[in-house]
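Colleague: Output the structure for:
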Amino acid sequence: SAADVRALERGLARLDEAARRDLGAYAADRPGAGAAGGTGFGAMAFLGATVRPGIAHLLDLLGFPARVAGARLVITGEGSLDRQSLRGKAPVGVARAAARHGVPAIAVAGRCALTGEQLRKARLQDAYALADLEPDPERCMAEAGPLLERLAERIGRDWPALGGAA
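Modeller: Below you'll find the predicted structure:
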């Protein structure tokens, strides 16, 4: 209930106060502190943990630098490219990592609500959305496979270095 949430927030504020006072730990206002129900706060305040974006960790685990070496294009995807994507979601992390290795990146998405300027700032060269081909969300989801095939053809035409027609 709303009253429970307020009580929990008061309790967490007291915990933060005690951690600051007794441990010199400052965690409650740091990014990631509220993740997983406050697990991030506890790990930072009591275990000295640091928080980093999940995509950075995944790219390290996958050996992204070795995998992107020699690539001509990186294609990443997301259900919806929107303002939340700009705050650390996987496609932007992949695009930025690809750019650090001199490889252009594009995104394939169900829908794209970002402007061309926002895409460029996110280091995405372009975005291809299923909704551009089929605006009805239900049909778009039901026909995702064929729509993805059409987008793949378009990408091949738009990126001749991949082997498509100029």
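
Colleague: which helices and strands does the strand or helix carrying Arg14 pack with?
Modeller: Taking DSSP states H and E as the definition, Arg14 sits inside helix 2-18. Helices and strands touching helix 2-18, by 3 or more Cβ pairs under 8 Å, 6 or more residues apart in numbering; DSSP states H and E, are helix 35-47. Quick note: C-beta positions are derived from backbone N, CA and C, even for glycine.

Colleague: what packs against the next helix or strand after the helix it packs on?
Modeller: Once helix 35-47 ends, the next helix or strand along the chain (criterion: DSSP H and E) is helix 54-62. Helices and strands touching helix 54-62, by 3+ Cβ pairs under 8 Å, 6+ apart, are helix 90-100.

Colleague: Specify the angle between the helix it packs on and helix 54-62 in degrees.
Modeller: Put simply, helix 90-100 runs at 60 degrees to helix 54-62, going by axes from the mean of the first three to the mean of the last three Cα atoms, to 10 degrees.

Colleague: What's the mean pLDDT across helix 90-100?
Modeller: Averaged across helix 90-100, pLDDT comes to 94.

Colleague: Who are the contact partners of the residue nearest to the spatial centre of the chain?
Modeller: The centroid of the chain falls nearest to Lys89 when counting by Cα atoms, centre = their mean (1.1 Å). Contact analysis of Lys89 by Cβ atoms under 8 Å, 6 or more residues apart in numbering lists Ile55, Glu78.

Colleague: Now Ala109: which helix or strand?
Modeller: Judged by DSSP H and E, Ala109 forms part of strand 105-112.

Colleague: quick one: the residue of the chain most remote from its centre and Ala105, what's the gap?
Modeller: Counting by Cα atoms, centre = their mean, the extreme residue of the chain relative to its mean C-alpha position is Asp22, 35.9 Å from that point. As judged by Cβ to Cβ, to the nearest Å, Asp22 and Ala105 stand 46 Å apart.

Colleague: coming back round to it: phi, psi for the residue nearest to the centre of the chain please.
Modeller: For Lys89, the backbone dihedrals (degrees, to the nearest 10) come out as phi -70, psi 160.

Colleague: Break the chain into its domains for me.
Modeller: The record's domain parsing of the chain by the TED database lists 2-47, 54-161.
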